[in-house]
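Trainee: Need coordinates for the following:
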Amino acid sequence: MTNYDFDAAREHFAARVSYSTGVHELEVMLQQGQKGFAVLDVRYPGDFAQGHVPGAVNLPKGKWQSPRGLRKDQVTYVYCYDQTCHLGAEAALALAQQGYPVVEVEGGFERWLQKGFRSEPVAQAA
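Mentor: Residues are numbered from 1 along each chain as shown. Sure thing, here's the model as predicted:
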């Protein structure tokens, strides 16, 4: 490999490690009961209602400019449908531009389910 740009590669992977994570890492944080972070689901409300990462807040596209339920003093982990869905990255960009620290969860909810991690539906009114 004669033209490999090691500086660009280091920058790319440093950014990837800093601003993205996998579903397994998020599950470990939840299992350990870690505090001081939020989980944001940017899928459509109907899909969120069927099942989502435990404790996640639903904030679909169109609501990112006034993100209720998020704080600027904690990291927000953002996920969408699957690995090819760009809604998570779009939301992360919109939130970062407003001063919210964000990390994108790679693989989205589809990968979460594939790994067999628990999900919770929205509670139905009695």
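Trainee: Strands along the protein, start to end?
Mentor: 20-22, 37-41, 57-58, 75-79, 102-106 (DSSP state E).
Trainee: Ala89: which of these is closest?
Mentor: strand 102-106 (5.8 Å; Cβ to Cβ). All C-beta atoms are positioned from the backbone trio N, CA, C, and that covers glycine.
Trainee: which other residues reach the closest one?
Mentor: Residues from elsewhere that reach strand 102-106 (Cβ atoms under 8 Å, 6 or more residues apart in numbering): 19-23, 26, 40, 75-79, 83, 88-89, 91-92, 95-96.
Trainee: try 7 Å
Mentor: With contact meaning Cβ atoms under 7 Å, 6 or more residues apart in numbering, strand 102-106 is reached by 19-23, 26, 75-79, 83, 88-89, 92, 95-96.
Trainee: of those, buried ones?
Mentor: 20-21, 23, 26, 76-79, 88-89, 92, 95 (16 or more other Cβ atoms under 10 Å).
Trainee: Mind putting those into CSV with distance to Pro54 and pLDDT?
Mentor: Shown next, in CSV, are these (distance: Cβ to Cβ, whole Å; pLDDT from 0 to 100):
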residue, distance to Pro54, pLDDT
Ser20, 21, 96
Thr21, 16, 96
Val23, 12, 97
Leu26, 10, 97
Thr76, 15, 98
Tyr77, 12, 98
Val78, 16, 98
Tyr79, 13, 98
Gly88, 18, 96
Ala89, 23, 95
Ala92, 21, 97
Leu95, 21, 97
